[in-house]
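# fold the following for me, if possible:
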Amino acid sequence: MNFIKKNWIGILVCFIIAVPSWLIGKRFPVVGGPIIAILAGMLIALVWTDKGKAEAGIKWTSKIVLQTAVVLLGFGMNLGVILQTGKQSLPIIICTIGISLLIAWILRKVMKVPANTSILVGVGSSICGGSAIAATAPVIDADDDEVAQAISVIFFFNVLAAIFFPIIGKVIGFDTASGDAFGIFAGTAINDTSSVTAAASTWDSMWNLGSETLNKAVTVKLTRTLAIIPITLVLAAVRARQAAKIEQKTNGFSLKKAFPMFILYFVIASIITTICISLGVNADVFAPLKELSKFFIIMAMAAIGLNSNVIKLIKTGGKPILLGACCWIGITLVSLLMQHVMGIW
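Alright, predicted model coming up:
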């Protein structure tokens, strides 16, 4: 009862923002519900400066609901099928992820971008946009301003990719009789599923390919999403090690306290999905959990928007945008180079 009394107002506010954001996001998937929710939260926060009794529930939503969303995300991942169908693109995926993280790490030093922001932009650019940021943020204890900034940067380059990638594909001479080359390009170089879908569908429409490009791109994108698991586990281990050094000097170290257990639950959910489907369970059984995960992410983004300082984000936004641009260009060039080396185009 104390929990409900303390948090219900804030949770309700986030839910009220999330519902129309979710519905509008379905109608305009290139923008997506999470971006609409975080922008709505930011705008409301400009006039609602004293959140009073709602503050506790908003903070709870931005942390616990976000972690719950990541766990539920695991029920949408059939590890065996994704790896089997996406193995052609695996070398490209590994290289694009590697270059993005390397660029983010180097530019963090050179440009003096805050560590958490550079990690979120690097991971979001290289893996799967908002979902990767959602999984990574609690692991590294990123605050709401850092998450909002990373989400905004990723969204900006998602929109650019959805618009310009079909044009780039035509200019550089991708095979127009098959959707394989452009599908792999979109799946490895665009970070958010909605923008991957938009770009691939445009290519299919341009060359009357049905859904050939779209199917290829989405499969590649799902394979790329698997990188959430090792990346977050590595970041969690690093964080736990840092916490150990600090706490050993004070009151001892607890691995359970330092290690974000929701990441392990996410891995377990993925394994459960994989085992169930291999035993003949229809994948549609997990569809409601996947949809609930998406809605929870939207709710959490509403909370993050409400907790964000828009003025601060604008003043400090230049470096993260430049960082995102460099990661995006690096991923695009490496994807094209690897496809050329592998003889895909």
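
# going forward, measure contacts between C-alpha atoms and count neighbours the same way
Noted.

# so which helix or strand of the chain has the lowest pLDDT on average?
helix 255-258 (a mean of 55; mean pLDDT, DSSP states H and E).

# I'd like the next helix or strand past it.
Proceeding C-terminally, helix 255-258 gives way to helix 261-278 as the next helix or strand, assigned by DSSP states H and E.

# what is the mean pLDDT for that following helix?
When pLDDT is averaged over helix 261-278, the result is 89.

# other SSEs contacting that helix?
Packed against helix 261-278 by the contact rule (3 or more C-alpha pairs under 8 Å, 6 or more residues apart in numbering; DSSP states H and E) you find helix 66-73, helix 79-86, helix 228-247.

# chain center to the second one: distance?
Pointing back at helix 79-86 there. Going by C-alpha atoms, centre = their mean, to the nearest Å, the spacing between the C-alpha centre of helix 79-86 and its chain's C-alpha centre is 20 Å.

# hang on, the earlier thing: and the helices and strands packed on helix 261-278 as JSON lines, adding mean neighbour count and distance to A161?
Output for the helices and strands packed on helix 261-278, formatted as JSON lines (neighbours: other C-alpha atoms under 10 Å; distance: least, C-alpha to C-alpha, whole Å):
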{"stretch": "helix 66-73", "mean neighbour count": "25", "distance to A161": "24"}
{"stretch": "helix 79-86", "mean neighbour count": "17", "distance to A161": "21"}
{"stretch": "helix 228-247", "mean neighbour count": "16", "distance to A161": "21"}
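
# can you tell which of those is closest to V220?
For V220, the closest of the helices and strands packed on helix 261-278 is helix 79-86, at 5.4 Å, according to C-alpha to C-alpha.

# which outside residues touch that closest one?
T219, V220, L222, T223, L226, S270, I271, T274 (C-alpha atoms under 8 Å, 6 or more residues apart in numbering).

# can you give me the angle that helix makes with helix 261-278?
Helix 79-86 runs at 80 degrees relative to helix 261-278, counting by axes from the mean of the first three to the mean of the last three C-alpha atoms, to 10 degrees.

# elements contacting the following helix or strand past helix 79-86?
The C-terminal neighbour of helix 79-86 among helices and strands, as given by DSSP H and E, is helix 90-111. Packed against helix 90-111, as judged by 3+ C-alpha pairs under 8 Å, 6+ apart, are the following elements: helix 115-126, helix 180-189, helix 212-225, helix 318-341.

# now what about the third one, what contacts it?
By that I understand helix 212-225. Taking contacts as C-alpha under 8 Å, 6+ apart, the residues outside helix 212-225 that touch it are 77, 82-83, 85-86, 89-90, 93, 127-128, 132, 178-180, 182-188, 193, 196-197, 200-201, 203-204.

# and the shortest one, by the same measure?
Outside helix 180-189, the residues that touch it by C-alpha under 8 Å, 6+ apart are 89, 92-93, 96, 126, 165, 169, 174-175, 196, 199-200, 203, 212-221, 224, 328, 331-332, 335-336, 339, 344-345.

# thinking again about what came up before, which one, of the helices and strands packed on helix 261-278, ends up nearest to E291?
Using C-alpha to C-alpha as the criterion, the shortest distance between E291 and the helices and strands packed on helix 261-278 is 8.8 Å, found for helix 66-73.

# what lies in contact with that closest one?
Applying C-alpha under 8 Å, 6+ apart, the contact partners of helix 66-73 are 131, 134-135, 138, 262-263, 265-267, 269, 289-290, 292-297, 300.

# confidence-wise, which of the helices and strands packed on helix 90-111 is weakest overall?
Out of these, helix 212-225 stands lowest, with a mean of 88 (criterion: mean pLDDT).

# and that one with helix 79-86, angle?
Using the same axes, to 10 degrees, the inter-axis angle of helix 212-225 relative to helix 79-86 is 130 degrees.

# closest one to V285 among the helices and strands packed on helix 90-111?
Judging the helices and strands packed on helix 90-111 by C-alpha to C-alpha, what sits closest to V285 is helix 212-225, at 18.3 Å.

# returning to that earlier point: would you turn the helices and strands packed on helix 90-111 into a markdown table with distance to V70?
Output for these, formatted as a markdown table (distance: least, C-alpha to C-alpha, whole Å):
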| stretch | distance to V70 |
| --- | --- |
| helix 115-126 | 14 |
| helix 180-189 | 21 |
| helix 212-225 | 12 |
| helix 318-341 | 23 |
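
# dump the ones you listed to TSV, plus distance to I231 and mean neighbour count.
Putting the helices and strands packed on helix 90-111 into TSV (distance: least, C-alpha to C-alpha, whole Å; neighbours: other C-alpha atoms under 10 Å) gives the following:
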stretch	distance to I231	mean neighbour count
helix 115-126	8	28
helix 180-189	17	29
helix 212-225	11	24
helix 318-341	17	20
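
# of all the ones you listed, which one is nearest V234?
Ranking the helices and strands packed on helix 90-111 by their distance to V234 (criterion: C-alpha to C-alpha) puts helix 115-126 first, at 12.3 Å.

# outside of that closest one, which residues touch it?
In this structure, residues lying in contact with helix 115-126 by C-alpha under 8 Å, 6+ apart are 96-98, 100-101, 103-105, 108, 129-133, 136-137, 140, 142, 146-147, 149-151, 153-154, 189-191, 320, 323-324, 327-328, 331.
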